[in-house]
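Engineer: generate a structure from the sequence data that follows.
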Amino acid sequence: MTDAQQHTGPLAGIRVVDLTAMVFGPYATQIMADLGAEVIKVEQPGGDATRFINAGPTEDLGGVFTNVNRGKKSVELDLRSEAHCKALRKLIAGADVFIHSMRGKAMDKLGFSYDAVKAIKSDIVYTNCYGYSRRGPDGDKPAYDDTIQAECGIPHVQGLMNGEPGFAATIMADKIAGLHALYATLAALFHRAQTGEGQEVEVGMFEAMSSFMLVEHASGKLFDPPLGPAHYHRAVSKNRRPYKTKDGYIAALVYNDKHWNAFMGALRPEWQSEEFDTLKKRAKHIDRIYGLLGETFAGRTTQDWLDFLTPLQIPCARVKATDDLFDDAHLNAIGFFEEVDSDVGVIRYPGVPTWFSQTPGKVAGPTPHLGEHTTQILKEAEES
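Structural biologist: Purely as a prediction, here's the structure:
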């Protein structure tokens, strides 16, 4: 990013001092940068370890790091040094948001607790990204995506479906917690805009993921006395999976009464029955329904089914690989991917998934190398 880089989007004018690492916090601040905020990523000596965990054009620009740190500025500081702590305090003085992913005790020891930061900038929005809320007994417990998935019940419900526990094949906990950190920080900024008052915000991965999982899986446990176990039976049905066709797989949701009646009226399978003619009835036999549909879908090719289902307006989709997203006709038609020039060549980033008519976001610039902006940013802070 150059000095001339113009920040656009609904968060233009907001400055974020970002002490997060890995994916949870950086995903939240990546979205802030895409929406126009100036994000200053403060890295410890040696850098965020995520820089080095998978393939990239240079050793320090692995793909995961490159994606969640685009458009930011990198400042390398050793907070064991008083001179570097003084530099960070200078940055805080000009910031709107201070966000970190260190344990609370570590921040206190470094001298950057909420009270210490508030003393520098009284209206700061200070966001803590933790594994577990520090208000509970697990506050200092280490957390990674896999362990949080385990604790919030993802492997358990996968086991109900598949016969043995399994992780989701994505770092779901990190990303969902990052979205919680984003909206919580924005809510605090909104409050500040209304009242002039900053505040401290806490986002725990475990709490965020427990809330996320219990949206549907709380189910009968919501009530006193409980009316059933804490899982949504349709979601964990053993036969709920992409349907195998003659030449591949298809996802199709023949579920509500409109879709069901259209499917039955056009296909008239032998197993059609009054026992299944309303959603209320089908809900009691959902695993059986999925099994019968699975047997039916096995008889035609994927394209045959797409041609059959699409005119009936039944939701359906070919099962694609993640590689296919880069050539997806819909994504390319709306300009979803953004090409950004960098010193390692053109980088094709997945772009901003939300749209604003007046203040559109964009990828603000390439991903910084470690400490790339240290001299520039510290000079600006000294002069301000």
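Engineer: can you list the strands that the helix or strand containing residue 75 pairs with?
Structural biologist: Under the criterion of DSSP states H and E, residue 75 resides in strand 73-76. Sheet pairing for strand 73-76, assigned by DSSP bridges, gives strand 38-43 (parallel).
Engineer: tell me what whatever helix or strand comes next after the partner strand is packed against?
Structural biologist: Beyond strand 38-43 in the direction of the C-terminus, DSSP H and E gives the next helix or strand as helix 63-68. Helices and strands touching helix 63-68, by 3 or more C-beta pairs under 8 Å, 6 or more residues apart in numbering; DSSP states H and E, are helix 24-34, strand 347-350. From N, CA and C alone the C-beta is placed, and that goes for glycine too.
Engineer: what ranges does the stretch 251-384 of the chain have for its strands?
Structural biologist: Remark: strands assigned in the stretch 251-384 of the chain by DSSP state E, counting those that start in this stretch are 316-318, 337-340, 347-350.
Engineer: turn those strands into a markdown table, including mean pLDDT and mean neighbour count.
Structural biologist: Output for the strands of the stretch 251-384 of the chain, formatted as a markdown table (pLDDT from 0 to 100; neighbours: other C-beta atoms under 10 Å):
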| stretch | mean pLDDT | mean neighbour count |
| --- | --- | --- |
| strand 316-318 | 98 | 16 |
| strand 337-340 | 98 | 14 |
| strand 347-350 | 98 | 16 |
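Engineer: indicate which one of those is closest to residue 187.
Structural biologist: Closest of the strands of the stretch 251-384 of the chain to residue 187 is strand 347-350, at 25.3 Å (criterion: C-beta to C-beta).
Engineer: that closest one packs against which elements?
Structural biologist: So strand 347-350, by 3+ C-beta pairs under 8 Å, 6+ apart, packs with helix 63-68, strand 337-340.
Engineer: parallel or antiparallel, which strands does it pair with?
Structural biologist: When pairing is defined by DSSP bridges, strand 347-350 lines up against strand 337-340 (antiparallel).
Engineer: which residues sit against the strand it pairs with?
Structural biologist: With C-beta atoms under 8 Å, 6 or more residues apart in numbering as the test, strand 337-340 has contacts from 70, 326, 331, 346-352, 362-363, 365-366.
Engineer: at 7 Å what do you get?
Structural biologist: Contact with strand 337-340 is made by 331, 346, 347, 348, 349, 350, 351, 362, 363, 365, 366, as judged by C-beta atoms under 7 Å, 6 or more residues apart in numbering.
Engineer: and the last one, what is it in contact with?
Structural biologist: In other words, residue 366. 1, 70, 340, 342, 347.
Engineer: quick check: mean pLDDT of the strand holding residue 75?
Structural biologist: Mean pLDDT, strand 73-76: 98.
Engineer: CA-only coordinates of it in CSV, if you can.
Structural biologist: Extracted as CSV, the C-alpha positions of strand 73-76 are listed here (Å, rounded to 0.1, in the frame of the first residue of the first chain):
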residue,chain,number,x,y,z
LYS,A,73,-0.1,-1.9,7.0
SER,A,74,2.5,-4.0,8.9
VAL,A,75,4.5,-2.5,11.8
GLU,A,76,7.0,-4.8,13.6
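Engineer: distance from the chain centre to that strand, please.
Structural biologist: In terms of C-alpha atoms, centre = their mean, to the nearest Å, the centre of strand 73-76 is found 23 Å from the chain centre.
Engineer: residue 352: how many residues sit nearby?
Structural biologist: Residues lying near residue 352 (other C-beta atoms under 10 Å) number 17.
Engineer: repeat that for residue 335.
Structural biologist: 8.
Engineer: from residue 235, how far off is the closest residue to it other than its chain neighbours?
Structural biologist: What sits nearest to residue 335 in space, not counting adjacent residues and going by C-beta to C-beta, 6 or more residues apart in numbering, is residue 351, at 7.1 Å. In this view, residue 351 and residue 235 are 30 Å apart by C-beta to C-beta, to the nearest Å.
Engineer: how about residue 113?
Structural biologist: Residue 113 is 41 Å from residue 235, by C-beta to C-beta.
Engineer: next, the residue nearest to residue 335: phi, psi?
Structural biologist: phi -90, psi -160 (degrees, to the nearest 10).
Engineer: I'd say it and residue 364 touch.
Structural biologist: No: if you go by C-beta atoms under 7 Å, residue 351 and residue 364 don't touch, sitting 11.3 Å apart.
Engineer: I'm done for today, thanks for sticking with me.
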